[in-house]
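# Sharing a model that was predicted from the sequence below.
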Amino acid sequence: MAADESAVRVTIKGTVQGVGFRPYVYRLAEKYQLRGSITNTSGGVVIRVRGAVGRLESFLTALPKECPPLVSISSMTCEEDGEPVPVTGFAILPSIDHEVGRPIFPPDIALCAACRHELHDPADRRYRYPFINCTNCGPRFSIVRSLPYDRHRTTMAKFSLCPSCSAEYHDPADRRFHAEPVACAACGPRLSWHDQTGGVCASVDPLAAAAAALRAGKVVAIKGLGGFHLAVDATSSAAVNRLRERKRRPHKPLAVMAGNVDLIRLHCRLSPEEEKVLTGPRAPIVLLERLSESSLAPEVAPGIDDIGCMLPYTPLHELLFSHAKAPEILVMTSGNLSDEPICRSKEEAFDRLSGLADGFLVHDREIVLAIDDSVGVCAAGSFRLFRRARGYVPGPISLPFSMPPVLAVGAELKSTFCLAGQREAVLSQHLGDLEDPRTESFFRSCYDHFKNLLGFEPRLVACDLHPDYRSTRFARSLELPVVEVQHHHAHAAAVMVEHKLKDPTLAVILDGTGYHPDGTIWGGEVLRVDYLSCERVGHLEPIFLPGGDRAVQEPWRLAAALLFQQRGAGYEDDGGWLPVNWKMIDSQRRRLVTRMMVRKINSPLTSSCGRLFDGVAALIGGRHHVTCEGQAAMELESLARRAGKGVPGLESSGRYPVSLAVRDTGRVIQLDGLLAGIVEDCRKGVYATDIAWEFHDWLVRSLSENVKLAAAETGIDTVVFSGGCLQNRLLLAGCAECCRITGLKPFLPRRIPANDGGISLGQAAIAGARLVAAEKSSVPYA
Ligand SMILES: [Zn+2]
Ligand SMILES: [Zn+2]
């Protein structure tokens, strides 16, 4: 080595494999005339480089700054390199298997602008090829069988590269250099069209057949990136109803995909921020406010003002929409029946979706692991995920402290699991509701896949305190020490991890239901939390949940509980003040529910915010039965937004009085004033939209007052907000704004869902912290 030269070994972790990082480093090394090598190892990317000291320094400075768009560096360590390296040029070496450390593999990424251009360019050799991709886009997570991420360990292994693709793949100057799924019409995956029985129709153009079927109002199953969608023309009520009937999904909002962003603008209000997320490389479903002039079938999202919208994120979708016969906007919902996991293979689809689909547009690139579309909303200044899946998973989440390997298995609904260790956590994709046995087995096979892929051996497993959750039973079956974590403590900890909070904080958790050993069902809580402990400092006044879980499907039971709370067992005697639609419920059932509450039979107490929403919604004329989780609450939010009164808590009229009472369980938000006000307003015929907004306003003011007092008592000035109810944009904005006005610092969930999809991350952090603390003090952690 010359005297003015030096040599370093750089180890880089983060999202650096399969995202064009190696060719980028190659080009950078050439630019600074450095020699050396780069290789993927399961411990990260290792660069060994030598050359003139000044140029080497420039290279190291430029390296993290000029990365390709999908690269995300979480750590970069440099050490002096004593061993010899090749003396000429810069080499990209084959990946090294079986090295210790935690490998990272990248998420699936939407079609990039350069590939989209080539797709529509008649002069390009991949013109109209439905599987075009490059290092900046295409499938990753969904096709990986094992790591490190290389073509022969993906489902692309069976497609041998043609000479043209091979040349691109091996040319460091090419955009497709080591793009593992690279392919073209000569060598790559192909499309086929199948009739409703699964029989292949060899003589037709698959895209033309799919477009024509959709135009004719038929239901088409489309194999995409992470699994099958069921698609219909979103402007046809008949087509949407057909899909709903066959899918046995009467009300749950359906997502739509439009050919381009201008088409979305015809149906929904679109801010620059929302447009940026929609058109970005992760291309999630974004909930947008529907315009009154939209021609979308009302059945797409009945009773709700938001529509989940996305853009074509694969070349296949892009080509389908560019077909002259295709509708401009399609419902694209997960290819499954009700709450089962999404189908991923054509055999599975022919089996499970026969009777649902009139035709199948499929391809022969195998999906290893099914993954749904991600869903989120722009609210309170950020894009916030409700469902974390395609485009985001398996992106690592950094932890605020180091911990031994911990598995956390989440809750029951919107299930995810989390593998955490050292300073990083990997959260699984949204897996669905574990109540369905197919989801339970999907959960198990996903866990096996992640565990094998990452070589993960947990030392303990964290689960919910709820004894009957299937996730809890799975945790107990693993023959590992089990740490049980209270549901709302886990909600709070997930937000703490996301914002890297280390000190004790206040937490406001507004949720559906969460088990607590005190025998009441929690869900409207003000807590003081750190990673080790959780103390209740306030909550919503508990009401009866007559019929237990049954009441979740029947919000009218919560309305009965609220009336009972307000006026006692004789609430029906003075019929004059009862809401009009109350009498539509069979009087025998009403009496039965009242008796249950009087005798306290199958009527646990709950402080759940979600159930309060249900009860208020039913009182002011909402539906009495729901078919999907959170339906009544979503409708109540839509009603409140229609009042056009701005952010609750800020432009307050103070119509419903706030009242707090100190009890031994903390400061309790009393419902008296609220209920008296609502019942009075119902009687006077005040618009439901106004009552709905005033309810939001009352809730925000009540929580703010509660938190303000708790902050004064504890001296804590940070507040984390979480729980499924915070998917409500009015509530989220109101809580955050009021918190700020009071001089406190609010922290809201962003990339980790506020709902139960984020629970596993919080469980892992709490269990890890307990394990670390126990090892320091030899106190038991479980
Ligand atoms: Zn591309
Ligand atoms: Zn090829």
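Thanks, I have it. Ligands and ions are numbered 1, 2, ... in the order given.

# hey, let's count contacts and neighbours off CA atoms from now on
Will do.

# Return the residues of this structure in contact with ligand 2.
Residues of the chain found near ligand 2 (CA under 5 Å from the ion) are 162, 165, 183-184, 187.

# List buried residues within these.
Buried subset of the residues of the chain next to ligand 2 (neighbour count, 16 or more other CA atoms under 10 Å): 165, 183-184.

# From those, pick the one nearest residue 431.
The shortest gap between residue 431 and any of these belongs to residue 183, at 29.9 Å (CA to CA).

# For the residue lying closest to residue 523 once chain neighbours are set aside, give me phi and psi.
Closest residue in space to residue 523, ignoring its immediate chain neighbours: residue 608 at 3.6 Å, by CA to CA, 6 or more residues apart in numbering. When read as degrees, to the nearest 10, the backbone of residue 608 gives phi -70, psi 130.

# Next, count neighbours for residue 608.
For residue 608, the neighbour count with other CA atoms under 10 Å is 27.

# Name the residues of the longest helix anywhere in the chain that come out as buried.
Of all the elements of type helix in the chain, the one with the most residues (DSSP state H) is helix 688-714. Under the neighbour-count criterion of 16+ other CA under 10 Å, helix 688-714 has 688-708, 710-711 buried.

# which helices and strands does that helix pack with?
strand 505-515, helix 631-642, strand 666-669, helix 672-684, helix 729-741 (3 or more CA pairs under 8 Å, 6 or more residues apart in numbering; DSSP states H and E).

# Quick one: residues in contact with stretch 544-563.
543, 571, 590, 593-594, 596-597, 601-606, 611-612, 614-619, 623-629, 632, 675 (CA atoms under 8 Å, 6 or more residues apart in numbering).

# What about those residues, which are in helices?
Going by DSSP H, the helices hold 590, 593-594, 596-597, 611-612, 614-619, 632, 675 from the contacts of stretch 544-563.

# By neighbour count, sort out the buried ones in those residues.
By neighbour count, with 16+ other CA under 10 Å, the ones in helices among the contacts of stretch 544-563 hold 590, 593-594, 596-597, 611-612, 614-619, 632, 675 as buried.

# Let me see the ranges of the helices in the stretch 51-200 of the chain.
In the stretch 51-200 of the chain, the helices defined using DSSP state H, counting those that start in this stretch lie at 53-65, 113-119, 163-170.

# Out of those helices, flag the one nearest residue 538.
helix 53-65 (46.0 Å).

# got a list of what the residue of the stretch 201-350 of the chain found nearest ligand 2 touches?
As assessed by CA to the ion, ligand 2 sits closest to residue 315 within the stretch 201-350 of the chain, at 15.9 Å. Contacts for residue 315 were tallied using CA under 8 Å, 6+ apart; they are 111, 116, 119, 129-132.

# Now render those residues as a markdown table, adding neighbour count and pLDDT.
Converted to a markdown table, those look like this (neighbours: other CA atoms under 10 Å; pLDDT from 0 to 100):
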| residue | neighbour count | pLDDT |
| --- | --- | --- |
| 111 | 29 | 96 |
| 116 | 19 | 97 |
| 119 | 24 | 98 |
| 129 | 23 | 98 |
| 130 | 24 | 98 |
| 131 | 25 | 98 |
| 132 | 26 | 98 |
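
# Between those, which sits nearest ligand 1?
For the contacts of residue 315, the nearest to ligand 1 is residue 111 (5.6 Å; CA to the ion).

# Surely that closest one and residue 313 touch.
Yes - when contacts are counted by CA atoms under 8 Å, residue 111 is listed as touching residue 313 (5.4 Å).

# Could you list the domains of the chain?
Following automatic domain parsing, the chain resolves into domains at 5-92, 191-363, 396-485+752-782, 541-698.

# Now distance to ligand 1 too, for those, in JSON lines please.
Below are those laid out as JSON lines (distance: least, CA to the ion, whole Å):
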{"stretch": "domain 5-92", "distance to ligand 1": "10"}
{"stretch": "domain 191-363", "distance to ligand 1": "10"}
{"stretch": "domain 396-485+752-782", "distance to ligand 1": "23"}
{"stretch": "domain 541-698", "distance to ligand 1": "37"}
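
# Could you export the ones you listed as CSV, including mean pLDDT?
Converted to CSV, those look like this (pLDDT from 0 to 100):
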stretch, mean pLDDT
domain 5-92, 86
domain 191-363, 95
domain 396-485+752-782, 93
domain 541-698, 89
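
# which stretch among these comes nearest residue 729?
domain 541-698 (8.0 Å).
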